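Trainee: Sequence first, then the predicted structure, then my questions.
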Amino acid sequence: GNSVTQMEGPVTLSEEAFLTINCTYTATGYPSLFWYVQYPGEGLQLLLKATKADDKGSNKGFEATYRKETTSFHLEKGSVQVSDSAVYFCALSQVSNYKLTFGKGTLLTVNP
Amino acid sequence: DTGVSQDPRHKITKRGQNVTFRCDPISEHNRLYWYRQTLGQGPEFLTYFQNEAQLEKSRLLSDRFSAERPKGSFSTLEIQRTEQGDSAMYLCASSLEGGRVSGNTIYFGEGSWLTVV
């Protein structure tokens, strides 16, 4: 079956630090890959996505590249802000039904 | 486009009572999903609809859970005889299959928190 493994948190950084959150997946075929963000007390918001190998998704300074050879989709940001504090979820979906499989989430806290 | 909306946002109920959650998807989205999220975990798939047809149900969806989407628009998720283990956030999401604009992206609502006491 499908699965997503992402680095366990919590991750604590100072403002303007570089961020990497690792994500690897197991799936058959060619899934689409996503990063969702969840702010305290809220639902999930799509942060970025990539639908095929070597695609790079980007949004709000965050980037992730679909690496089929390493089955990875690591999230990066060059300079984090306090407002980036949230839980980040890596997820995949199969084209056939678009059902999402999520990782357990990584809590990021950015201090001023 | 007003996004996916869910009601109520919070519900506290006594064990053994029935609860119902409503989800209004993004207009014209033909797929609607329900997920459950417990503290410290990622969302887990429960079920999804294509228009009014319920196409898949997770084994997480016990007999006490029932979901409907009678006219292919809004959906309800009912939990009968609630148990403390049902305490979680219930997330609804929608997508447009085959849509070029959305690219089949799944959009989530803000969730309905259930606390069973």
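Mentor: On my side now, so go ahead. Numbers count the residues shown, from 1 in each chain, chains lettered A, B, ... in the order given.

Trainee: For the rest of this, base every contact and every neighbour count on C-alpha atoms.
Mentor: Fine.

Trainee: pLDDT below threshold where in chain B?
Mentor: Within chain B, the set of residues satisfying pLDDT under 70 comprises B:1, B:98-104.

Trainee: and chain B, which of its residues are near chain A?
Mentor: Within chain B, the positions near chain A by Cα under 8 Å from any Cα of the partner chain are B:40-45, B:91, B:104, B:106-111.

Trainee: Let me know how buried A:Ala50 is, in neighbour terms.
Mentor: Neighbours of A:Ala50 under the rule other Cα atoms under 10 Å in any protein chain shown: 20.

Trainee: what residues are up against it?
Mentor: Applying Cα atoms under 8 Å, 6 or more residues apart in numbering or on different chains to A:Ala50 gives the contacts A:Ser32, A:Leu33, A:Phe34, A:Lys56, A:Gly57, A:Thr65, A:Tyr66.

Trainee: got a list of what the last one touches?
Mentor: Right, the one you point to is A:Tyr66. Counting by Cα under 8 Å, 6+ apart, A:Tyr66 touches A:Leu33, A:Ala50, A:Thr51, A:Lys52, A:Ala53, A:Asp54, A:Asp55, A:Lys56, A:Ser72, A:Phe73.

Trainee: Let's see that with 7 Å instead.
Mentor: Each residue near A:Tyr66 by Cα atoms under 7 Å, 6 or more residues apart in numbering or on different chains is listed here: A:Ala50, A:Lys52, A:Ala53, A:Asp54, A:Asp55, A:Lys56, A:Ser72, A:Phe73.

Trainee: and the residue with the shortest distance to the centre of chain B, what helix or strand is that in?
Mentor: In chain B, the C-alpha closest to the average C-alpha coordinate belongs to B:Trp34, at a distance of 3.1 Å (Cα atoms, centre = their mean). For B:Trp34, the host element (DSSP states H and E) is strand B:31-37.

Trainee: Now tell me what touches that strand from outside.
Mentor: B:25, B:43-51, B:88-97.

Trainee: What is the nearest of the contacts of A:Ala50 to B:Val19?
Mentor: Distance to B:Val19 across those (Cα to Cα) is lowest for A:Phe34, with 31.6 Å.

Trainee: Check which helix or strand the residue lying closest to the closest one once chain neighbours are set aside maps to.
Mentor: Counting by Cα to Cα, 6 or more residues apart in numbering or on different chains, A:Phe34 lies nearest to A:Lys49, which is 4.3 Å off, once chain neighbours are set aside. If you go by DSSP H and E, A:Lys49 is part of strand A:44-50.

Trainee: Tell me who's in contact with residue 4.
Mentor: Using chain A here. Counted by Cα under 7 Å, 6+ apart, A:Val4 has contacts A:Thr24, A:Tyr25, A:Thr26, A:Ala91, A:Thr101, A:Phe102, A:Gly103.

Trainee: could you do chain B instead?
Mentor: By Cα under 7 Å, 6+ apart, the neighbours of B:Val4 are B:Asp24, B:Pro25, B:Ile26, B:Ala93, B:Phe108, B:Gly109.
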